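Q: Build me a model:
(chains A and B)
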Protein chains: 2
Amino acid sequence: MQVAIVLYPGFTSLDVLGPYEVLGRLPDTEVVFVAEKPGLVVNDLKSLSIEAVATPADVTTPDVVLVGGGPGQVEQMSNDALLDWLRTADRTSRWTTAVCTGTFLLAAAGVLEGRRATTHWAGLDQLAGFGAIPSKQRVVVDGHYATAAGVSAGIDMALTLGGLIAGDDVAQTVQLIIEYAPEPPYAAGSLDSAPADVVERARRVLAS
Amino acid sequence: MQVAIVLYPGFTSLDVLGPYEVLGRLPDTEVVFVAEKPGLVVNDLKSLSIEAVATPADVTTPDVVLVGGGPGQVEQMSNDALLDWLRTADRTSRWTTAVCTGTFLLAAAGVLEGRRATTHWAGLDQLAGFGAIPSKQRVVVDGHYATAAGVSAGIDMALTLGGLIAGDDVAQTVQLIIEYAPEPPYAAGSLDSAPADVVERARRVLAS
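A: As a prediction, this is how the structure comes out:
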């Protein structure tokens, strides 16, 4: 199985590297990081660079397509080469997936038309404008599309996918290997659970 | 605040990049990835390379030291230059931290003598042999040392640290920005919760 993970300048690293840690551990799986130009791609915080080893054009029929979000996603909305590739790869992919605002790139490519999908809470209201049906679920599977809410939700999505691809026992084994029994020290991780002043502050940070 | 994250060949990426996503979002924080040689460092799955921008020698007094685990940790146990650096950096650090089997590197450096600490479930029994007091908690804070259980536990550790460093409201804001309201599709993430056959299978995978 080949997994193609899309990188672009200004990506949020956990969006893609959370799922990577799960999908990369499935049996007989090759992961390829792709970007417009092979070489280092710098993230949103500008302190992490990951190597892309191929361009999308080099990877024509991946079994799984994964596109993450981050501030850089906005610029990619007009990257026709990327959107064309997403559309084409989607025709033969077993799973086409997105995390966080990466969902907007799938939507812009036109593949989420009439599909239930999710994205980062701060963008969920805008998803309908791109033809998808917004869902407040943390992980949404509709047809061969899987989408995840913000950033860390990609881990849950990847475990869900892992089960669908390789079976529950394999996905559970990966979960145990990465000791994913989360115990967040606060209950502020969703719009519903976070205190109002935290929501306000997060909106300010995201807008800055 | 300067955070130094140690990379070495064969690191497990989520060990360091989970905490990175949290610590890198704290106000006025610079993160520096360090490795023996600057340049690309390849992970345990051999499909991800991250750029180290400095050597430990370049970063003499980080406020936070973070060392992750992974199969490559075993080789680093005899890397005297790294262990020396950990010992020296620890003298002036505000927090010295480890995730997963990274805890063994702190222990080998001698800084966890008599300290409560944790590591990946598969290694917890061996920790006492290195002078630390093993704890089954997911995140352990003892003095200015913070350690996390396996791989994904670093996210919980970093949020805990974020609260101690920058206050609960800031840490909660980061939690909401990364939408960390986990919903694992299975309950197999810990030794206590995983089915026996999953534990067996995980032990086989880790030993292979």
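
Q: Give the phi and psi angles for A:Val31, as a check.
A: With angles defined as degrees, to the nearest 10, A:Val31 shows backbone torsions of phi -110, psi 130.

Q: how many other residues sit next to it?
A: Neighbour count of A:Val31, defined by other CB atoms under 10 Å in any protein chain shown: 24. Every C-beta, even on glycine, is put in place using the N, C-alpha and C of the backbone.

Q: ok, now the one 10 residues further on?
A: A:Val41 has 23 neighbours, counted by other CB under 10 Å.

Q: got the residue ranges for the strands in chain A?
A: A:2-6, A:30-34, A:39-42, A:49-52, A:64-67, A:95-99, A:116-117, A:133-134, A:139-142, A:145-148 (DSSP state E).

Q: Any chance of a markdown table for these, columns mean pLDDT?
A: Formatted as a markdown table, those follow (pLDDT from 0 to 100):
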| stretch | mean pLDDT |
| --- | --- |
| strand A:2-6 | 98 |
| strand A:30-34 | 98 |
| strand A:39-42 | 98 |
| strand A:49-52 | 98 |
| strand A:64-67 | 98 |
| strand A:95-99 | 98 |
| strand A:116-117 | 98 |
| strand A:133-134 | 98 |
| strand A:139-142 | 98 |
| strand A:145-148 | 98 |
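
Q: among these, which is nearest A:Gly123?
A: Go through these one by one with CB to CB and the one that ends up closest to A:Gly123 is strand A:133-134, at 9.2 Å.

Q: Can you give the contact residues for that closest one?
A: Contacts of strand A:133-134 with the rest of the structure, by CB atoms under 8 Å, 6 or more residues apart in numbering or on different chains, involve A:114-119, A:124-125, A:127-128.

Q: Which one (most neighbours) among those?
A: Of all those, A:Thr119 has the most neighbours under the rule other CB under 10 Å, reaching 32 neighbours.

Q: residues in contact with that one?
A: Contacts here follow CB under 8 Å, 6+ apart; on that basis A:Thr119 touches A:69, A:98, A:100-104, A:127, A:134, A:147, A:149-150.

Q: Looking at these, spot the one nearest chain B.
A: Using CB to the nearest CB, A:Gly150 is the member of the contacts of A:Thr119 that sits closest to chain B, with 3.0 Å.

Q: neighbours around that closest one, how many?
A: Neighbour count of A:Gly150, defined by other CB under 10 Å: 31.

Q: Ok, A:Pro38 next?
A: The tally of other residues near A:Pro38 (other CB under 10 Å) stands at 14.

Q: What of A:Gly143?
A: Neighbourhood size, A:Gly143 [other CB under 10 Å]: 12.

Q: From what I see, it and A:Gly114 are in contact.
A: No. In this structure, A:Gly143 is not within contact of A:Gly114 by CB atoms under 8 Å, at 9.8 Å.

Q: if we can go back for a sec, identify the farthest-apart pair in the contacts of strand A:133-134.
A: Using CB to CB, the pair of the contacts of strand A:133-134 lying farthest apart is A:Gly114 and A:Asp125, separated by 18.0 Å.

Q: now the spatially most central residue of chain A, nearest residue through space, not along the chain?
A: Against the mean C-alpha coordinate of chain A, by CA atoms, centre = their mean, the closest residue is A:Val99 at 2.3 Å. The shortest distance from A:Val99 to any residue other than its chain neighbours is 3.7 Å, reached at A:Gly154 (CB to CB, 6 or more residues apart in numbering or on different chains).

Q: Run through the residues that contact the residue nearest to A:Val198 when sequence neighbours are not counted.
A: On the basis of CB to CB, 6+ apart, the spatially nearest residue to A:Val198 that is not a chain neighbour turns out to be B:Gln172, at 4.6 Å. Neighbouring residues of B:Gln172 by CB under 8 Å, 6+ apart: A:186, A:188, A:194-195, A:198, B:163.

Q: Dump the strands of chain A to CSV, plus distance to B:Asp168.
A: As requested, the strands of chain A are exported to CSV (distance: least, CB to CB, whole Å):
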stretch, distance to B:Asp168
strand A:2-6, 34
strand A:30-34, 36
strand A:39-42, 31
strand A:49-52, 31
strand A:64-67, 33
strand A:95-99, 27
strand A:116-117, 33
strand A:133-134, 31
strand A:139-142, 28
strand A:145-148, 26
